[in-house]
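K.L.:
could you look at this predicted model? Sequence included:
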Amino acid sequence: MSRLFILFIISILSSSLYAQTKPEDPQRDSAFYDATCKWFSAWKLVSQDVYKIDKVRPVELIFFDDKYVYSTSNTTIKKGDAVKGGNLINLQLQWKKALHNGSITLPDSAVVPVGLMSFAAEIPGGNNLPFFVMPLPDFWKQAGVKSIELGLDNLVTGVFIHEFSHSQQTQNFGKKITEYELQNQLDIEFSDDIVQNLFDKDSSYLKYYHRELDFFYTSIITQVLHKSSMHSGLSIMQERQKKYFTGKHQNITQIEKLFLTMEGLGQYSMYIWLSHPKGANINKEIAIQGVRRGGKWWSQDEGFALFLILEKLANPEKWVGVMFSDEIKTVTALIDEFKKD
């Protein structure tokens with residue numbers, strides 16, 4: 001799976017050749033350890049306590065600050081210093097660190113400049129083995145990232161949960177997305193923002209999109225699902241897809257459904273931790289506002305709404321397992337399934 005799932009790219013720092021040395025910086029190492037423990041604890045809460053999933057699929061991890069890279073990947077750090085980091089549920093992780101000197105070698109051998117990026121991707125030829133990349137908290141702070149509703153620390157933890165969820169889906173959704181990417185003939189970057197990039201200047205399309213989105217969020221504002229609003233939103237969605245996803249765009253309907261599912265689950269998982277009494281314990285309405293980030297990213301915003309609807313139709317234990325299995329079932333398909341009950 002290619003690096004589709006970049007949540008933010010705010011700035012790219014200067015790059016240089018990758019180098020190794022023997023760094024010592026206990027304060028940074030402690031910050032790295034604290035961050036991994038918090039992030040992994042947050043995923044454990046969502047996965048085990050809410051989703052009832054007790055295992056994590058193997059994943060190679062890369063975290064970094066403005067000076068060091070910390071990783072479990074021997075490709076990213078061939079010769080580094082051993083350092084203490086967190087373990088994640090069933091994964092016993094061996095961590096190393098090294099100076100990155102402005103660029104990082106990823107497990108797929110690509111060399112990228114250090115910047116504000118967070119994503120999961122598949123290692124080619126790795127039997128669906130994913131890797132995950134993310135800056136440490138101080139990097140986000142230095143970049144000026146803020147969240148009025150959530151606070152920076154909670155936002156960054158939420159970003160980890162969102163993006164890490166993608167690392168657990170390379171065997172199903174990620175594999176299918178890669179197939180569509182290889183078939184892409186739209187002369188536009190293939191990413192989870194593909195629909196937004198194609199139609200964000202089309203005023204007629206925007207009317208459809210905003211109407212269905214308003215219906216979806218209206219349907220979940222009370223404790224009981226407002227089914228009339230849900231059905232109206234689904235009806236407009238189908239009408240929009242039928243009208244606009246034709247000709248060379250005919251595959252976009254299925255592509256959109258996949259991205260709405262992946263991005264929506266990432267946002268929903270983030271929301272679960274933010275609003276959970278054992279997580280950030282933030283008021284649910286405020287958590288929703290914080291997760292939406294002003295609705296800037298279509299697939300995340302609408303996908304999130306669809307999972308909030310699905311949550312009201314059925315307890316997550318009834319449907320979340322398929323999200324991390326080898327099967328592909330979209331959020332709209334699950335809504336259709338449970339709304340009949």
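P.N.:
Great, that's in hand. Residues are numbered from 1 along each chain as shown.
K.L.:
helix, strand or coil for residue 241?
P.N.:
helix (DSSP: H, G, I helix; E, B strand; the rest coil).
K.L.:
ok, now how distant is the closest residue to it other than its chain neighbours from residue 183?
P.N.:
Distances taken as C-beta to C-beta, 6 or more residues apart in numbering put residue 253 closest to residue 241, at 4.7 Å, once the chain neighbours are dropped. Just so you know, the C-beta spots here come from the backbone N, C-alpha and C atoms, and that holds for glycine as well. Taking C-beta to C-beta, to the nearest Å as the measure, residue 253 falls 14 Å from residue 183.
K.L.:
which residues does the residue nearest to residue 47 when sequence neighbours are not counted contact?
P.N.:
Among residues not flanking residue 47 along the chain, residue 53 sits closest, at 4.8 Å (C-beta to C-beta, 6+ apart). Residues near residue 53 by C-beta atoms under 8 Å, 6 or more residues apart in numbering: 47, 320-321, 324.
K.L.:
buried only: go through those residues for me.
P.N.:
If you count burial by 16 or more other C-beta atoms under 10 Å, the buried members of the contacts of residue 53 come out as 47, 320, 324.
K.L.:
and those residues, which of them are in strands?
P.N.:
Counting by DSSP state E, no part of the buried ones among the contacts of residue 53 is found in strands.
K.L.:
pLDDT and distance to residue 70 added to those residues, as CSV?
P.N.:
Output for the buried ones among the contacts of residue 53, formatted as CSV (pLDDT from 0 to 100; distance: C-beta to C-beta, whole Å):
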residue, pLDDT, distance to residue 70
47, 96, 22
320, 95, 30
324, 94, 25
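K.L.:
of these, which is the nearest to residue 270?
P.N.:
Here the nearest of these to residue 270, counting by C-beta to C-beta, is residue 47; it sits at 12.9 Å.
K.L.:
would you put the C-alpha positions of the worst-scoring helix or strand of the chain on mean pLDDT in PDB?
P.N.:
Least confident helix or strand, the chain: helix 175-182 with a mean of 86, by mean pLDDT, DSSP states H and E. The C-alpha trace of helix 175-182 is given here as PDB (Å, rounded to 0.1, in the frame of the first residue of the first chain):
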ATOM      1  CA  LYS A 175      -4.500  -4.300  -0.700                       C
ATOM      2  CA  LYS A 176      -7.700  -3.200  -2.600                       C
ATOM      3  CA  ILE A 177      -6.700   0.400  -2.600                       C
ATOM      4  CA  THR A 178      -3.300  -0.600  -4.100                       C
ATOM      5  CA  GLU A 179      -5.100  -2.400  -6.900                       C
ATOM      6  CA  TYR A 180      -7.200   0.700  -7.700                       C
ATOM      7  CA  GLU A 181      -4.100   2.900  -7.500                       C
ATOM      8  CA  LEU A 182      -2.300   0.800 -10.100                       C
END
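K.L.:
list the buried residues of it.
P.N.:
Residues 176-178, 180-181 are the ones in helix 175-182 that count as buried (16+ other C-beta under 10 Å).
K.L.:
wait, which of the residues you listed is closest to residue 264?
P.N.:
residue 177 (14.1 Å).
K.L.:
does that closest one touch residue 256 like I think?
P.N.:
No - contact criterion C-beta atoms under 8 Å: residue 177 and residue 256 do not qualify, at 11.5 Å.
K.L.:
so which of the buried residues of helix 175-182 is the closest to residue 295?
P.N.:
After measuring the buried residues of helix 175-182 against residue 295 - C-beta to C-beta - the closest member comes out as residue 177, at 22.8 Å.
K.L.:
could you measure from the closest one over to residue 258?
P.N.:
When distance is defined by C-beta to C-beta, residue 177 is 6 Å away from residue 258.
K.L.:
check residue 167 too.
P.N.:
Taken as C-beta to C-beta, the span from residue 167 to residue 258 is 16 Å.
K.L.:
do residue 44 as well
P.N.:
Per C-beta to C-beta, residue 44 is found 27 Å from residue 258.
K.L.:
who has more neighbours out of the two?
P.N.:
Under the criterion of other C-beta atoms under 10 Å, the comparison of residue 44 against residue 258 puts residue 258 first, with 21 against 14.
K.L.:
distance from the chain centre to the longest helix anywhere in the chain, please.
P.N.:
If you go by DSSP state H, the chain has its longest helix at helix 252-275. The chain centre lies 8 Å from the centre of helix 252-275; the measure is C-alpha atoms, centre = their mean, to the nearest Å.
K.L.:
then stretch 68-87?
P.N.:
Distance of stretch 68-87 from the chain centroid (C-alpha atoms, centre = their mean) equals 23 Å.
K.L.:
output it as PDB - backbone C-alpha positions only.
P.N.:
What follows is stretch 68-87, C-alpha atoms only, in PDB (Å, rounded to 0.1, in the frame of the first residue of the first chain):
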ATOM      1  CA  TYR A  68      16.800  11.600  16.300                       C
ATOM      2  CA  VAL A  69      14.900   8.700  14.600                       C
ATOM      3  CA  TYR A  70      13.700   5.800  16.800                       C
ATOM      4  CA  SER A  71      12.700   2.700  15.000                       C
ATOM      5  CA  THR A  72      12.200  -1.100  15.200                       C
ATOM      6  CA  SER A  73      13.200  -1.300  11.500                       C
ATOM      7  CA  ASN A  74      16.700  -2.600  10.500                       C
ATOM      8  CA  THR A  75      16.300  -0.800   7.200                       C
ATOM      9  CA  THR A  76      15.600   2.500   8.900                       C
ATOM     10  CA  ILE A  77      18.400   2.100  11.400                       C
ATOM     11  CA  LYS A  78      21.100  -0.400  10.400                       C
ATOM     12  CA  LYS A  79      23.500   0.400  13.200                       C
ATOM     13  CA  GLY A  80      22.000   2.300  16.100                       C
ATOM     14  CA  ASP A  81      22.000   2.500  19.800                       C
ATOM     15  CA  ALA A  82      19.500   0.300  21.700                       C
ATOM     16  CA  VAL A  83      16.900   2.400  23.500                       C
ATOM     17  CA  LYS A  84      14.000   1.700  25.800                       C
ATOM     18  CA  GLY A  85      10.600   2.000  24.200                       C
ATOM     19  CA  GLY A  86       7.100   0.800  24.800                       C
ATOM     20  CA  ASN A  87       5.700  -2.600  23.800                       C
END
